[in-house]
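Undergrad: here is a sequence together with a model predicted from it:
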There are 4 protein chains.
Amino acid sequence: MKNGPVRVGIIGSQFQADCHAAAIGMVEEDMSVVAVASPTAAHAQAFADRYKVAKIYNDYKELARDPQVEAVTITAPNALHCEMTVTMAQAGKHVICEKPLCVTLDEADRMIAACRSNGVLLLYAESLLFTPKYVKAKEMADSGAFGRVHLIKQSEKHFGPHAEWFWDVKRAGGGALLDLGSHGIGFSYWFLGRPKILSAYSHLGTYVHGDKTKLDDEAVTIIEFEGNAIAVIENSWARRGGMDDRIEVYGEGGLTMANLQMGNALPTYSEYGYGYAVEKAPTTKGWSHPVFQELWNYGFPQEMRHFARAIRGSEAPLFTGEDGKIVLEAIYAGYASAGLGHKVTLPFKPTAERPVDEWLNRKKA
Amino acid sequence: MKNGPVRVGIIGSQFQADCHAAAIGMVEEDMSVVAVASPTAAHAQAFADRYKVAKIYNDYKELARDPQVEAVTITAPNALHCEMTVTMAQAGKHVICEKPLCVTLDEADRMIAACRSNGVLLLYAESLLFTPKYVKAKEMADSGAFGRVHLIKQSEKHFGPHAEWFWDVKRAGGGALLDLGSHGIGFSYWFLGRPKILSAYSHLGTYVHGDKTKLDDEAVTIIEFEGNAIAVIENSWARRGGMDDRIEVYGEGGLTMANLQMGNALPTYSEYGYGYAVEKAPTTKGWSHPVFQELWNYGFPQEMRHFARAIRGSEAPLFTGEDGKIVLEAIYAGYASAGLGHKVTLPFKPTAERPVDEWLNRKKA
Amino acid sequence: MKNGPVRVGIIGSQFQADCHAAAIGMVEEDMSVVAVASPTAAHAQAFADRYKVAKIYNDYKELARDPQVEAVTITAPNALHCEMTVTMAQAGKHVICEKPLCVTLDEADRMIAACRSNGVLLLYAESLLFTPKYVKAKEMADSGAFGRVHLIKQSEKHFGPHAEWFWDVKRAGGGALLDLGSHGIGFSYWFLGRPKILSAYSHLGTYVHGDKTKLDDEAVTIIEFEGNAIAVIENSWARRGGMDDRIEVYGEGGLTMANLQMGNALPTYSEYGYGYAVEKAPTTKGWSHPVFQELWNYGFPQEMRHFARAIRGSEAPLFTGEDGKIVLEAIYAGYASAGLGHKVTLPFKPTAERPVDEWLNRKKA
Amino acid sequence: MKNGPVRVGIIGSQFQADCHAAAIGMVEEDMSVVAVASPTAAHAQAFADRYKVAKIYNDYKELARDPQVEAVTITAPNALHCEMTVTMAQAGKHVICEKPLCVTLDEADRMIAACRSNGVLLLYAESLLFTPKYVKAKEMADSGAFGRVHLIKQSEKHFGPHAEWFWDVKRAGGGALLDLGSHGIGFSYWFLGRPKILSAYSHLGTYVHGDKTKLDDEAVTIIEFEGNAIAVIENSWARRGGMDDRIEVYGEGGLTMANLQMGNALPTYSEYGYGYAVEKAPTTKGWSHPVFQELWNYGFPQEMRHFARAIRGSEAPLFTGEDGKIVLEAIYAGYASAGLGHKVTLPFKPTAERPVDEWLNRKKA
């Protein structure tokens, strides 16, 4: 087995790629970024400068041929996840794939198969499994603090993504539910011990950003799990005031609540502003709610360390392509339910090209 | 027109009757309790002693014959609201009726008709319209603080009601959704300016109290309003740790959040305990979250003052039997949707005897 | 004894006069504003228009001659409190005097004597005794929740007063300690059951507003009470971000904390702003912390109702000129201690003209 | 220069030793525990078992002779810090010393001299310099968010220390001010950029634990710094409800507030309890405020990593014996001021044997 930090190539050079590189920099004993691939040469160069990355590729296929690279992280648009994963698997690289796993369930199957047949790991990047505050909630639940847990709430909301492609039906494949609901569904599924998902019901709407997208910018989803538990997942691209990420856990014997932003913040007032408060915060003048060690509090470095250790074989992979597919199937069912107006049971066989089409195709004019 | 405080008779002598009497005591210039009616003689006597009420009746029909009484408040089990209201209307008494208005839509029609034909007011006691913190949220919204509001959340949760009858299908007619969801639906309907309710979808379950009731002890409801807005209403009889009543309001230009208990509380630790923290709080030893002036912060005295002024003609009734019926219809649709697994559009024609039967009759074994 | 609402004349027409008039308007059964006196005719007229006050005087001595007026509230600069009180007492009017009672201890004696000899009440307006959240803290303490209480903290801070005269040594007589420390000292003295004040130690400075005043804009004061308890009082005219008013109470068996602004607020984000958040809030755009029913939560109407009832004889006066003098004596000692660098025991005999001079005269160049 | 993790021996086997060992375990690339020394054999053995420490010594002087040990951390009673440091320095070991540095200023001088003459580092363990939330506050301040900072508040409070020796005048040398005030003084001194300390004033008392100690269990301290800034430090061994550690920072242009416990917690209610909430928390049943990753949020592993890097020469020592002595001198002045009733200017020449004696010797009977 190889030794030393896992040598990673990052596909992408924008917001999410920055998160990965910064997080990897915090676990440098376990992982290091040795290459970046981005079709936009200037972005790739700037990224390489920011993180002192030695090699720059303008085509991810070149990255696949770099023998020094052991693993890649994929931060490209959702619609490219599958072909990139397959290419990397065939080149013998482990794959760390951002959520959602991909756009279609068929893609998910191909990704899983390609990684399996090439003997590489398909690691699905659900960061909430590593978020320290949420991990504490699970520890308490697992120690019996709340008795039997029957209701989990998770919400993630902001005013919309950074990159253009998120707003495009074809490249994204879904809106707030696909982009952010992945977190809530993956989280509650993991929190409850991976029970079978029985059904999904979503209410979706384009309430604020209808001028630039047909995708859902508000989503409320109810997931039923085997074993008499539900999750209520709320997602928004229409919430002002910065990022909002929260959970609530209810059992017959108690409850806990965790808020990653305002719940950890330093209540702050500044006439002059300061450098940075929190992801997607609107301003640092006036009252703001800066967080500390944001990446660490979100769990990104811990997640990358886990991936490195999974690749090195010292930890079992916590969430894989199979888990990502289960989450995606529930999202499909959610989109269909929003179009149909009724809850959709799983297993779900898609009839539309992309998750969001299950809704859009069924909406009345 | 009559003068002086409105002379009220209270039907009931338990928890809710206490709220009414205490609230009325805080607006003594506008209203006074002159009689109480309760079938349990000892309860009626104790109640009369607590609030110095002069007259005690063991049958509400005797109260109806008391010429001194101008109005009654009904805190009896839901299933009695209709017959009591009709009796009182026929006796020329104004009626202040606790939520829910009654059990069936047909009852609602009879109550409305009886009050109208006898020239008395049917005042529907939705206290959240008078809750100062929530009123502030509406003032901000109405002043344009959030731009167009498209999402309202309201939740009310505790570990189950005081009185026995709440747990009984026949006397209550519904569980957490009927008991507590009345608040959220009435509130969001009023907050948004009374738009038509288009549909309801509820997820219901009996997760914790299955040993003592078939009623829903958890409910998540999504209401669609005309004008492209929704409400997400969460209710529970299975939430530990005391009462929890909250709202969140989201528009394209901002948001606000209000919490009536922990959001107003004095974080407190006591080795020895103290008298009272907040409604349904489990203990006052250890950490607790006492609130101050609880009735006033809930808006009960303000509500009673409004009712008095409505009866005296100086204020227009804010919420009447017609509003209560609209709320009840949405609850019916919610119960039906939980049984059907799809959202139910309004107007809704009930097919079952009580709201909860729309769900129970359709549940699979 | 007279009946009906107590007929009050307000001396002053600015910020504090507004608080009084608005608060009185909330207890109209007990008190009504029948006249206003202000040397600035336009201000008086605008004030009378805002609150529908029938009579306007441009000299408070004319107000003293109005036979309809039963009582006055004094919101004029501190340096005028004494002469106004004496004039009003001689005219047979009850006097409600804003904090601080006056500037010198000699003035305090003259005010007390004048009211006593003329048979009128000298009511000292310490509003914190009526603040519902703080009253709840005292109720818990008195019920034994915390065991023996040995430490009380109270702080009141903002970015400086509205009116010009506050910044002027002669008209104000003291800065943050006199203006705001009156609250904390009066509150803790009352909270602990009026134990003798043994000593005071203040650290004072002019840290931010040195360009416009010589008065203290930051003050930290430690008060020792008989019975082995202390209060730590923090005051500032240099705190950005709006009003901040808090208490903490510690006993051997527990503690409680109360915050009147952020602790009661609706966390709010607005792109567009809205009417009003809270006293001295900088803006309503971006994040803000609006409170609801601010006057009521501060206790102003409850205070005015108490004063009315004290005047009508149905309640014993809770805080009088004698209490105001005790508070003022402690403030004098605090100013002296800041100049001397040591704690000053009471009783304290002033040597300087005004409280702040006890400090300024002793400061090294 | 040596390579690999710094090999550390821990002196002590109780609460603080646990913190060190657990924190070191989180930075295993930088530091490892190779030995423990404790006079109580059973404690040492249990400690070695908990943390898989290879070598156990029952006398720290044996530890000093272990050639494998590069550095030691001292968690023994305050009164032993000096002799242990001198012994270790003479044996060529770097010294990481818990706060307070020692008991007397003379001891401080001897420790500094011994380390200097033997060419080893004397690293003073002020963990607040590494607390991520507080570091964020300093970053904002340093970036100009608040303009000129003139007031810092820091408080640390709980219900009293674990180990017996803390309560003993001779072995501890001081109470809450020495034990906890070290943090606040060191923190504010560092936060403000190490300005000269001009004076200290403390109010001290034994309000709750007089049955078991003569030491101060409540302390309020005001520190004046050169450059027109002050710190207000509050410490208690008499605060119920678990650990409380907070800061507030005020400048002319803004403010920030940080709370390490309730400000990061998951508000939690449990009927059954769970493993662990937070340092010194009374119970996990009922309402509690568990924190996540407590050691990391306090900054302990970050502190140990810094010490390792300072020893390896890759980082300059952030806080040394000289800083610890400055803090101790201010504490001496504080104790003296409490006895004298006036603020005490620095430099301060002690006249008593231990810090607390400066107070106790001067107290009136």
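TA: That came in fine, so what should we check first?
Undergrad: which ones are touching the residue lying closest to A:Asn118 once chain neighbours are set aside?
TA: Of all residues not flanking A:Asn118 in the chain, A:Ala89 sits nearest, at 4.4 Å (C-beta to C-beta, 6 or more residues apart in numbering or on different chains). The C-beta positions use only the backbone N, C-alpha and C, and glycine is treated the same way. If you count contacts by C-beta atoms under 8 Å, 6 or more residues apart in numbering or on different chains, A:Ala89 has them with A:95, A:111, A:114-115, A:117-118, A:120, A:122.
Undergrad: quick check: next helix or strand after the helix or strand containing A:Ala89?
TA: Per DSSP states H and E: A:Ala89 is located in helix A:81-90. Toward the C-terminus, helix A:81-90 is succeeded by strand A:94-98 as the next helix or strand (DSSP H and E).
Undergrad: quick one: list the elements packing against that following strand.
TA: strand A:71-74, helix A:81-90, helix A:105-117, strand A:122-125 (3 or more C-beta pairs under 8 Å, 6 or more residues apart in numbering or on different chains; DSSP states H and E).
Undergrad: change it to 10 Å
TA: When contacts are defined as 3 or more C-beta pairs under 10 Å, 6 or more residues apart in numbering or on different chains; DSSP states H and E, strand A:94-98 packs onto strand A:6-11, helix A:15-25, strand A:71-74, helix A:81-90, helix A:105-117, strand A:122-125, helix A:300-312, helix A:321-340.
Undergrad: tell me the helix or strand right after the longest one.
TA: Helices and strands here follow DSSP H and E; after helix A:321-340, the next one along the chain is strand A:344-345.
Undergrad: adjacent strands (with direction) for that next one?
TA: If you go by DSSP bridges, strand A:344-345 pairs up with strand A:197-205 (antiparallel).
Undergrad: between the partner strand and helix B:321-340, how many degrees?
TA: Angle, strand A:197-205 to helix B:321-340, by axes from the mean of the first three to the mean of the last three C-alpha atoms, to 10 degrees: 140 degrees.
Undergrad: point out where chain A drops to low pLDDT.
TA: Within chain A, the segments meeting pLDDT under 70 span A:1-2, A:364-365.
Undergrad: ok, now which ones touch the most centrally placed residue in it?
TA: Among the residues of chain A, A:Lys99 comes closest to the average C-alpha position under C-alpha atoms, centre = their mean, at 3.6 Å. A:Lys99 makes contact with A:16, A:78, A:81, A:124-128, A:178-183, A:185-186, A:319, A:324, A:327-328, according to C-beta atoms under 10 Å, 6 or more residues apart in numbering or on different chains.
Undergrad: mind doing that once more with 6 Å?
TA: By C-beta atoms under 6 Å, 6 or more residues apart in numbering or on different chains, the residues touching A:Lys99 are A:Ser182.
Undergrad: kindly report the same for A:Tyr269.
TA: Residues near A:Tyr269 by C-beta under 6 Å, 6+ apart: A:287, C:240-241, D:254-255.
Undergrad: hmm, back to that, how far away is the residue nearest to the centre of chain A from chain B?
TA: 24 Å (C-beta to the nearest C-beta, to the nearest Å).
Undergrad: count the neighbours of A:Thr283 for me.
TA: Other residues within reach of A:Thr283, judged by other C-beta atoms under 10 Å in any protein chain shown, total 15.
Undergrad: how much space separates the residue of the stretch 51-200 of chain A at minimum distance from chain B from A:Phe225?
TA: Of the residues in the stretch 51-200 of chain A, the one nearest chain B is A:His150, at a distance of 4.0 Å by C-beta to the nearest C-beta. A:His150 sits 9 Å away from A:Phe225, going by C-beta to C-beta, to the nearest Å.
Undergrad: looking at the two, which is more packed in?
TA: The residue with more neighbours, out of A:His150 and A:Phe225, is A:His150; 24 against 20, by other C-beta under 10 Å.
Undergrad: give the helix, strand or coil label for that one.
TA: strand (DSSP: H, G, I helix; E, B strand; the rest coil).
Undergrad: shouldn't it be in contact with A:Ala229?
TA: Yes. Counting by C-beta atoms under 6 Å, A:His150 touches A:Ala229, with 4.9 Å between them.
Undergrad: for the residue sitting furthest away from the middle of chain A, what are phi and psi?
TA: Within chain A, A:Glu271 marks the point farthest from the mean C-alpha position, 35.0 Å out by C-alpha atoms, centre = their mean. Main-chain dihedrals, A:Glu271, degrees, to the nearest 10: phi -70, psi -30.
Undergrad: which ones are touching the closest residue to it other than its chain neighbours?
TA: Of all residues beyond its chain neighbours, the one nearest A:Glu271 is D:Gly253 (4.0 Å), with distances taken as C-beta to C-beta, 6+ apart. By C-beta under 6 Å, 6+ apart, the contact list for D:Gly253 reads A:271-272, D:146-147.
Undergrad: interface residues of the stretch 101-250 of chain A facing chain D?
TA: A:132-133, A:136-137, A:140, A:143-145 (C-beta under 6 Å from any C-beta of the partner chain).
Undergrad: hmm, try it at 8 Å
TA: Applying C-beta under 8 Å from any C-beta of the partner chain, we find that the stretch 101-250 of chain A lies next to chain D at A:132-133, A:135-137, A:139-140, A:143-147.
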